[in-house]
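> Give me the fold of what follows.
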Amino acid sequence: MARTGTRFRVEGNDPMKRQFLALSLGVGAMILATQHAFAQQVNRNCADRERVVERLAEAYGESRQSIGLAPNNSVVEVFASLETGTWTITVTTPNGTTCLVASGQAFEATNGDLLPTSGTAL
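Predicted coordinates for the structure are as follows:
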C-alpha cells in the first residue's frame, strides 16, 4: 500500500492486502455505527427532571426513596414502588437533565445496617 497525497492505493494484485484493507474499513465502520447508536440511546434515557419524575410516578407508581450528592454535583436518586417492587436509579446533572442509570424489580426498603461482622472480609 502506498500513500499518494492524502489517499491510499493498493499496489499490485495482492488479495491479502485488499482483504486486510476491506476488513479494516469494515471494522472502523462498525465502531462508528456502535458509537452513534450508543449516543442515541443515551439521549433517549435523559430528559428534564420534572418529566422523568412524572413518568416514573404515572407509569410505574414509583416515588423517591433516597437521594445523595455525587462528587460532580450531580444528584443521585432511587425511585421505587413499594407495591410492585420496581425501582429506578437516576442521576440529575446541575443543568437539570435527568438520566436513567439502572432499573429493576424486587425492591425492598430496609432499616438495618449491612455492616460486616468483625473479622469478615468484604
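
> mind saving the C-alpha coords of stretch 74-89 as CSV?
In CSV, the C-alpha atoms belonging to stretch 74-89 read as follows (Å, rounded to 0.1, in the frame of the first residue of the first chain):
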residue,chain,number,x,y,z
SER,A,74,-25.0,15.6,40.3
VAL,A,75,-27.9,14.3,42.4
VAL,A,76,-28.4,10.5,42.5
GLU,A,77,-31.9,9.3,43.4
VAL,A,78,-33.5,6.0,43.9
PHE,A,79,-37.2,5.8,42.9
ALA,A,80,-39.3,2.7,43.8
SER,A,81,-42.8,1.4,44.2
LEU,A,82,-43.3,-0.5,47.4
GLU,A,83,-46.4,-2.1,45.9
THR,A,84,-44.9,-3.5,42.7
GLY,A,85,-41.3,-3.7,43.7
THR,A,86,-40.0,-1.8,40.6
TRP,A,87,-37.1,0.6,41.1
THR,A,88,-35.1,3.1,39.1
ILE,A,89,-31.8,4.9,39.8
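
> Contacts for that stretch next, please.
53, 56, 60-70, 90-94, 100-109 (Cβ atoms under 8 Å, 6 or more residues apart in numbering). The way it works is simple: take the backbone N, C-alpha and C, and place the C-beta from them, glycine included.

> mean confidence score for that stretch?
Throughout stretch 74-89, pLDDT has a mean value of 93.

> can you pull out the strands in this protein?
2-4, 7-9, 46-48, 63-69, 75-80, 87-92, 97-104 (DSSP state E).

> Any chance of those in TSV with mean neighbour count as columns?
As requested, the strands of the chain are exported to TSV (neighbours: other Cβ atoms under 10 Å):
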stretch	mean neighbour count
strand 2-4	8
strand 7-9	9
strand 46-48	15
strand 63-69	12
strand 75-80	19
strand 87-92	20
strand 97-104	15
